[in-house]
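Trainee: need a structure here:
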Amino acid sequence: MLRYQLYDCATDKIQIHKELLYIQNYVAIQTLRMEEDSDIRLLIDPDMENFLIAPLLILPIVENAFKHVSNFKEPGRNKIYLTVKKEDQNTFLMEAINTYDQSHVEKHLLQTGGLGIQNLKRRLQLLYPDRHELNINKESETFQTILKLQFND
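Mentor: Numbers count the residues shown, from 1 in each chain. Okay, the predicted model is just below:
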């Protein structure tokens, strides 16, 4: 994973399959840190065609899902659902849904700087102007983050 960050990502764009392999490895490591019965799912569309994407662009979304996931005593209530697919010929979609504990979230969010999402928004503005959508929704027990990205190879 470090080799990917240091060497493979030293370019403006990278093949999506390399980026997704990194995400799969990241999720596997983070899953080991969670309680055994936590509900963690990573769904990657197997028909995803190759296209280029800015490196490490979707990592902050995945990191936030793990950072802000609930820590309920019943592990099965702690959920992270990650979906990656092509919405159409030129649109990539990344969705992250995670549960959170309302009693801890406000305090935790106030203590953190939120730099990951701020940096992501700035990168999207610079690299994909007028070709992206980033929506973050907070429901009663879940966060949902959706990134839609129009790519042109």
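
Trainee: hang on, isn't Ile16 packed against Lys85?
Mentor: No. If you go by Cβ atoms under 8 Å, Ile16 and Lys85 don't touch, sitting 11.1 Å apart. Yep, even glycine has a C-beta here, placed from its N, CA and C like the rest.

Trainee: shared neighbours, these two?
Mentor: Met48, Phe92 (Cβ atoms under 8 Å, 6 or more residues apart in numbering).

Trainee: any chance you could map the helices in the protein?
Mentor: Under the criterion DSSP state H, the chain carries helices at the ranges 2-3, 16-33, 59-67, 102-111, 115-127.

Trainee: winner for burial among those?
Mentor: Highest mean neighbour count of the helices of the chain: helix 59-67, a mean of 19 (counted as mean count of other Cβ atoms under 10 Å).

Trainee: can you list contacts of that one?
Mentor: 22-23, 26-27, 30, 80, 82, 94, 96-98, 112, 116-117, 119-120, 143, 145, 147.
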